[in-house]
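1. Sequence first, predicted model second:
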Amino acid sequence: MAKLPPDSRWQDPELLARGIGRFAPFECWPLPALLRLAQAGSVSSHAPGAILIAHKRPQDVLSVVLEGASQVTVTDAGGRRVTFIYDGSTMVYGLAPLFDGEPMLHDLLALDPVILLRIPFAAVRAELAAAPALWESVGAEMCARYRRTALQMTRFVFDSPRVHMAALLVGLAGQGAGCDDPIPIDMKLPQDKLAEMLAISRQWAAQLIREMVDDGLLQWRYGRVTLLDPKRLRALAAESIGLP
């Protein structure tokens, strides 16, 4: 898909620098360094469905999702897909290629209109060379991502799909999941997307939805989900192997 015109709000270098500084590993970086990264980068706007990063293609930039929901997926030759990240949280993509020079192993797709900043590796490495202590922030973020990925794989293997689904929905509900009143999930969650996120078949996902609707846990209408009984869902999610 063609790019949209760049969003004028992100043309101010200081605003862009502060935008970069919201996300790991850049939260602790000094503002002058972030300003230089902002000036070295390029901002673009993308329509839903656009491929922001294509797997197995060489990367020479960090990609920062400043606004919009995106999706990290892996697809096999037969078209089966597993979704590892599916939400509106902003992230910095490309840290692994910054270290090892290898291509990304996943695709990054835009789910909403997305504002993307691409920062050349050369600009990032120049800041790291000038202030080597900043490497610690990059290493800490890489470790945090490793732990999240390991936990996700553990849940895929050991959690029952029902428990995994409850944990997923409670997570998608965000801060609102702490109350006991019905909670709508902001983003649309079709059955096929749920199946990708749980690494199960669409038929199995449809069965789980029916069971949870019949149990009074959820309302599910054309991908619009409301947690009707957050307390019971939290209790079910607490059975996850990844929780204390």
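-> Nice, I can see it.
2. who are the neighbours of the strand or helix carrying Lys193, in terms of helices and strands?
-> Using DSSP states H and E, the element containing Lys193 is helix 191-198. Helix 191-198 sits against strand 81-87, helix 161-173, helix 202-214, with contacts defined as 3 or more Cβ pairs under 8 Å, 6 or more residues apart in numbering; DSSP states H and E. Where C-beta positions appear, they are placed from N, C-alpha and C, glycine not excepted.
3. Relative to the whole chain's centre, how far out is the helix or strand following the first one?
-> Right, the one you point to is strand 81-87. Next helix or strand after strand 81-87 toward the C-terminus (DSSP H and E): strand 92-93. Chain-centre distance of strand 92-93: 9 Å, with Cα atoms, centre = their mean, to the nearest Å.
4. Then stretch 166-177?
-> On Cα atoms, centre = their mean, the centre of stretch 166-177 falls 14 Å from that of its chain.
5. I would like the residues contacting that stretch, please.
-> Contact with stretch 166-177 is made by 87, 155, 159, 183, 185, 187, 189, 194, 197-198, 217-218, 225, 227, 230, 233-234, 236-237, 240, 242-243, as judged by Cβ atoms under 8 Å, 6 or more residues apart in numbering.
6. What remains of those if I keep only buried residues?
-> When those are checked for burial by 16 or more other Cβ atoms under 10 Å, the buried set is 87, 155, 159, 183, 185, 189, 194, 197-198, 217-218, 225, 227, 230, 233-234, 236-237, 240.
7. In helices, which of these fall?
-> Arg155, Leu194, Met197, Leu198, Pro230, Leu233, Arg234, Leu236, Ala237 (DSSP state H).
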